[in-house]
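**Student:** no sequence for this one, just the structure:
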């Protein structure tokens, strides 16, 4: 059987050992006689699963004790509202950096709650580069600064963490978290949808400094109040228990690979191999400024776009799935998160070379 490599941007491929472990434990978790999907979220069995997952995530990222780790629902999109609801804290404006589609969505939602200062934007370059830090127009009256370290759709990634002085830095880390070491203390709040490097869709991880919890907008529902979730151990209501369990298995798997430093080494090597192949070719090209090319999401275009459909069809036949670029930008996109093995990159570049020989 031809191996299948899933390059989907999310929900994305999961580590094979994690899926195998989940299959083994599916009907009977550790002799409990229950599947994790059947457990009470307040029972001792699931409480142990939840605590172990948080402990492993704290260890991987070195999360200090003065940060809450919340396991929530609603995807990163809910955080577009929850962030201003919780972090405005009496202020009327917030700074946002616009580097792509997800930045724009966050900005649009924040404008429902406050005045948004777009302190920097790369829209005039069609989101192919990052605005230099010395061009940013930060507002000292802002409540916080929000940015998207990696734009999944455009494949644009910061190679530095912004300095924002006393303003809390907020980051949508959905498509880059756990791909390399990260100094959590540089941020006031991080959030990430799970379906790329953490686990299946349905879970969202929020890491928020304790002093930023509380003092929400009057309109804030309990389910959108970080304090409510922190006070209830992320169990204000029934959480996505199976997704939380799988996230814990992924955290364990990352630790077994050597942790985030080892992940970074492999991820950089995978991305480098694919970009190197693209740059050597006259048939494929990358639209992104080389300095800011994403390790996680690699967009590329064919010299003749009329061959796109044929490329995708033949790639599918070769077991290379979900390479079609986002509908808003077209072309191709290979998402190569932690769980994508290096063999997948080799198989992809070999296929691309063969397609170029035949159709270039």
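**Tutor:** Now that the structure is in, tell me what you want to look at. Every value quoted in this text rests on a predicted model; they were computed, and no experiment measured them.

**Student:** Could you use CA atoms for every contact and neighbour count after this?
**Tutor:** OK.

**Student:** Please, where are all the strands along this structure?
**Tutor:** 5-6, 67-72, 93-98, 115-121, 145-147, 150-151, 156-157, 169-172, 189-193, 204-209, 284-285, 297-302, 320-321, 332-335 (DSSP state E).

**Student:** Compare those strands and give me the one nearest residue 26.
**Tutor:** Nearest of those to residue 26, taken as Cα to Cα: strand 67-72 at 21.3 Å.

**Student:** what's that closest one in contact with?
**Tutor:** 54, 203-210, 229-230, 233-234, 239-240, 244 (Cα atoms under 8 Å, 6 or more residues apart in numbering).

**Student:** Let me know the average pLDDT across it.
**Tutor:** Across strand 67-72, the average pLDDT comes to 98.

**Student:** now residue 311, nearest residue through space, not along the chain?
**Tutor:** Counting by Cα to Cα, 6 or more residues apart in numbering, residue 311 lies nearest to residue 355, which is 7.4 Å off, once chain neighbours are set aside.

**Student:** so that neighbour touches residue 312, yeah?
**Tutor:** No. Contact criterion Cα atoms under 8 Å: residue 355 and residue 312 do not qualify, at 10.6 Å.

**Student:** Where does the prediction get shaky in the stretch 151-300 of the chain?
**Tutor:** Applying pLDDT under 70 to the stretch 151-300 of the chain flags no residue at all.

**Student:** From one end of stretch 233-240 to the other, what's the distance?
**Tutor:** 13 Å (Cα to Cα, to the nearest Å).

**Student:** wait, what's in contact with residue 155?
**Tutor:** Neighbour list for residue 155: 288, 293-294, 296-299 [criterion: Cα under 8 Å, 6+ apart].

**Student:** And it, how far from residue 215?
**Tutor:** As judged by Cα to Cα, residue 155 and residue 215 stand 36 Å apart.

**Student:** Now which of the contacts of strand 67-72 would you call buried?
**Tutor:** When these are checked for burial by 16 or more other Cα atoms under 10 Å, the buried set is 54, 203-210, 229-230, 233-234, 239-240, 244.

**Student:** Look up how far residue 348 lies from residue 66.
**Tutor:** Separation of residue 66 from residue 348 (Cα to Cα): 43 Å.

**Student:** Residue 264: how many residues sit nearby?
**Tutor:** By the measure other Cα atoms under 10 Å, the count of residues near residue 264 is 17.
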